[in-house]
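> Based on what follows, work out the 3D shape:
(one chain, ligands or ions: 1)
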Amino acid sequence: MPTDQSIQPIIKTAIAVSDLCFAWDSGATVLDRCTLSVPQGEFWMLLGTNGSGKSTLLRLLAGLLKPQSGAMQISDRIGFVFQNPDHQLVLPTVGADVAFGLVSENLSYRQTQQRVEESLQAVNLIQMIRRPIYALSGGQKQRVAIAGAIARHAEVLLLDEPTALLDGENQNDLVASVRDLVKQKNLTALWVTHRLNELNYADGAFLLEQGKVIDHGDPMRLKQVLLERG
Ligand SMILES: Nc1ncnc2c1ncn2[C@@H]1O[C@H](COP(=O)(O)OP(=O)(O)OP(=O)(O)O)[C@@H](O)[C@H]1O
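Numbering: from 1, shown residues only. Purely as a prediction, here's the structure:
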């Protein structure tokens, strides 16, 4: 019989990328044998200089682009959050927009309503269910986009600089609430950012340079590495 000390917790991987290569038709290489993995239930960040391939990697993971070689493993229940929420919110009110994401799921009116309400509750926007999208702040719009993913029962959230257009206070609120959601709902999230203070909320981080992960692990250590680089 194994002793208690010999029993290791089973850590499942929610996002696995192995030797992924991607180049544009022009021949410009963006990802060059990129390898990383994110444990299930964790909130990881992806950092790197402009043009290092962060957005491209997220688009490959979401199936929006096809790699030339390498392997990826990820849930097919993905929620994608773009930098600019105006590029993904399509209907005039909060509730209608979240419900729109459910049209392909063949739910009854009641089931749809329940999913919309639950997901808006999860992002603290239930009181705004009837509010027009134009009357929301940038941070509230991002929450609507996240509610859309929650309503579709996304297991993995891919967020591409979701705070880039937000001021400091809204930025902190959003990153804290995504961290809480990940933990409460046992989701997995990969969050692209240039803002080092957001690392305070992460379980781990990757540093991408010229399409390769050159460092990864403890977010506070990586923050220090990047601060020292200037
Ligand atoms: N549609 C496209 N066609 C051709 N090249 C592209 C296209 N989109 C991006 N690129 C190029 O691919 C490279 C990687 O871009 P990507 O957007 O992945 O970088 P990033 O790390 O997300 O940068 P940033 O931090 O500035 O958002 C860049 O050189 C960029 O110019």
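> Check the average confidence over the longest helix anywhere in the chain, would you?
If you go by DSSP state H, the chain has its longest helix at helix 168-185. Here the mean pLDDT over helix 168-185 is 93, rounded to a whole number.
> Report the buried residues of it.
Going by neighbour count (16 or more other C-beta atoms under 10 Å), the buried part of helix 168-185 is 170-175, 177-179, 181-182. Quick note: C-beta positions are derived from backbone N, CA and C, even for glycine.
> Name the residues that touch the helix or strand that it is followed by?
Next in sequence after helix 168-185, counting helices and strands by DSSP states H and E, comes strand 188-192. The contact list for strand 188-192 (C-beta atoms under 8 Å, 6 or more residues apart in numbering) reads 14-15, 38-47, 54-55, 58, 61, 75, 155-162, 175, 178, 182, 198, 202.
> Show me the helices in the chain, by range?
Under DSSP H, the chain gives helices at 54-61, 94-100, 109-122, 138-151, 168-185, 219-229.
> highest average neighbour count across the ones you listed?
helix 138-151 (a mean of 25; mean count of other C-beta atoms under 10 Å).
> That one vs helix 109-122, what angle?
With axes from the mean of the first three to the mean of the last three C-alpha atoms, to 10 degrees applied, the angle from helix 138-151 to helix 109-122 works out at 130 degrees.
> domains of this protein?
10-23+30-77+156-230, 89-154 (automatic domain parsing).
> would you turn the ones you listed into a markdown table with distance to Q83?
Putting those into a markdown table (distance: least, C-beta to C-beta, whole Å) gives the following:
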| stretch | distance to Q83 |
| --- | --- |
| domain 10-23+30-77+156-230 | 4 |
| domain 89-154 | 9 |
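> what about those, which gets the closest to the ligand?
In terms of C-beta to the nearest ligand atom, the element of the domains of the chain nearest to the ligand is domain 10-23+30-77+156-230, at 3.4 Å.
> one step back: so which of the contacts of strand 188-192 also contact the ligand?
For the ligand, the contacts drawn from the contacts of strand 188-192 by C-beta under 6 Å from any ligand atom are 54-55.
> List only buried entries from the contacts of strand 188-192.
If we count by 16+ other C-beta under 10 Å, the contacts of strand 188-192 have these buried: 14-15, 38, 40-47, 54-55, 58, 61, 155-162, 175, 178, 182, 198, 202.
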